[in-house]
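>>> return a 3D structure for these sequence lines:
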Amino acid sequence: MAGLRQVLDSVDPQVIYKSTIIIRSSSTPSPPPLSAAAATGFLDRCFLCRRKLLPGKDIYMYKGDEAFCTEECRRRRIVMDEEERKSSSLSRGKNILN
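Numbers count the residues shown, from 1 in each chain. Below you'll find the predicted structure:
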């Protein structure tokens, strides 16, 4: 059985934890302009339930710019997208038959 340290060390390097983000002081040169998602503070609140995302807590991402407070909120959003795709493909199929 793997120890917790081994499990944590094997975590995907593309996972970014909010607590590891370094905020630059005002004396450094200003960064390039933010994207629309970053400018609106997409890491402030859960995309689905709108709960405040707390420092030191994991943030679950989907589609690059949608942040979620729990895996459950993220999963619900994915299911919503899948249902939307199914419904749009069904309506496209009906339009072809008509």
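>>> report the buried residues of the longest helix belonging to the chain.
For the chain, the helix with the greatest residue count under DSSP state H is helix 71-97. For helix 71-97, burial by neighbour count (16 or more other C-beta atoms under 10 Å) applies to 73-74, 77. (Glycine included, C-beta is placed from N, CA and C.)
>>> also stretch 48-65?
For stretch 48-65, by 16+ other C-beta under 10 Å, it's 48, 53, 59-62.
>>> quick one: mean pLDDT for it?
The average pLDDT for stretch 48-65 rounds to 93.
>>> distance between the ends of it?
Start and end residues of stretch 48-65 are separated by 12 Å (C-alpha to C-alpha, to the nearest Å).
>>> that older thread, can you add pLDDT and distance to R92 and give the buried residues of helix 71-97 back as a markdown table?
Listed next are the buried residues of helix 71-97 as a markdown table, based on pLDDT from 0 to 100; distance: C-beta to C-beta, whole Å:
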| residue | pLDDT | distance to R92 |
| --- | --- | --- |
| C73 | 97 | 29 |
| R74 | 97 | 27 |
| R77 | 96 | 23 |
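>>> nearest to E83, of those residues?
R77 (10.8 Å; C-beta to C-beta).
>>> now the closest one: closest residue in space that isn't a chain neighbour?
L48 (5.4 Å; C-beta to C-beta, 6 or more residues apart in numbering).
>>> list the contacts of that neighbour.
By C-beta atoms under 8 Å, 6 or more residues apart in numbering, the residues touching L48 are 68, 73-74, 76-77.
>>> how about the helices in the chain?
4-9, 36-39, 71-97.
>>> rebuild the buried residues of stretch 48-65 as JSON lines, extending it with distance to D81.
What follows is the buried residues of stretch 48-65, written out as JSON lines (distance: C-beta to C-beta, whole Å):
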{"residue": "L48", "distance to D81": "11"}
{"residue": "L53", "distance to D81": "20"}
{"residue": "I59", "distance to D81": "19"}
{"residue": "Y60", "distance to D81": "15"}
{"residue": "M61", "distance to D81": "14"}
{"residue": "Y62", "distance to D81": "8"}
